[in-house]
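Peer 1: Attaching a predicted model along with its sequence, questions to come.
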Amino acid sequence: MKLAKIILSLAILASISLAATVGYIDVKQVFEGYSKTKSVQDDLNNKMKDYEKLRNKHAQKLTEAKIDGKTEKDLEKLQEEMKKELGPKEAEIQMINDEQMAKIRKDIVAAVDAVSKEVGIDVVVDKQVIITGGMDLTEQVITRLNKKK
C-alpha cells in the first residue's frame, strides 16, 4: 500500500513537471488593441465610402432610366456597365482586406510567440477556451505589438 502511494505520488509529480505551461490571450481584445488594426480599418472604410458613392451614382442612373421609361435592354446595359465598373473595385477592396488582415495576424502570432517565450509559456490559447488556470498574456501582447511601430 505504501509503495502504491509512492508510485502514485511520483507519477503525479512527473506528469506535473511534463505538463506544458499554458497562457491565454483575448484574441478580440488583442486585435482591437493593435494600433495597426485601426489604421487598416480606417483605410478600408475610406475605400468603402468611395465605392458606395460610385455604387449610389450608378443606382441613381438606373433609377432615372426606369423613370424615363427606358427599354429593358437599355436597363440591362446600364446594369452591365455598373457591374463592369464596380466588380474590380469590390475585388480590390477584398484583396486589400485579405492582405492586411494576414499581415496583422502574422504580427499578432509573432508577438504572442515572443511574449510567451519571455515568460516561459509553452502553449497559448484563446481566452474563450480557458475554464481555470493559465496566465493572461493579452496586455503584454498588445504592448509588444504597439511598440513595434
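Peer 2: Alright, I've got the coordinates.

Peer 1: burial of G23, as a residue count?
Peer 2: The number of residues packed around G23, counting by other C-beta atoms under 10 Å, is 24. For glycine as for every other residue, the C-beta is placed from the backbone atoms N, C-alpha and C.

Peer 1: Ok, G120 next?
Peer 2: Summarising burial for G120: neighbours were counted as other C-beta under 10 Å, giving 9.

Peer 1: my guess is it contacts T21, does it?
Peer 2: Yes. Taking C-beta atoms under 8 Å as the contact criterion, G120 and T21 are neighbours in contact, 6.2 Å apart.

Peer 1: contacting residues for G134?
Peer 2: Under the criterion of C-beta atoms under 8 Å, 6 or more residues apart in numbering, the neighbours of G134 are V22, G23, Y24, V125.

Peer 1: Can you read off the pLDDT for the spatially most central residue of the chain?
Peer 2: What sits nearest the mean C-alpha location of the chain, by C-alpha atoms, centre = their mean, is M101, with 5.7 Å. Here, the pLDDT recorded for M101 equals 95.

Peer 1: For it, which non-adjacent residue is spatially closest?
Peer 2: What sits nearest to M101 in space, not counting adjacent residues and going by C-beta to C-beta, 6 or more residues apart in numbering, is V40, at 7.6 Å.

Peer 1: Next one: the one you found relative to L137, how far apart?
Peer 2: Between V40 and L137 the computed distance is 23 Å (C-beta to C-beta, to the nearest Å).

Peer 1: Between those two, which is the more surrounded one?
Peer 2: More crowded of V40 and L137, by other C-beta under 10 Å: L137, with 23 against 18.

Peer 1: surely that one meets G120?
Peer 2: No. Between L137 and G120 there is no contact under C-beta under 8 Å: 11.3 Å.

Peer 1: Roughly how far does the residue lying closest to Q79 once chain neighbours are set aside sit from L86?
Peer 2: Setting aside the residues directly before and after it, Q79 is nearest to L62 in space (C-beta to C-beta, 6+ apart), at 6.7 Å. Counting by C-beta to C-beta, the gap between L62 and L86 amounts to 12 Å.

Peer 1: cool, and N45?
Peer 2: Taking C-beta to C-beta as the measure, N45 and L86 are separated by 17 Å.

Peer 1: of those two, who's got more company?
Peer 2: Set N45 next to L86 and count neighbours by other C-beta under 10 Å: L86 wins out with 14 against 10.
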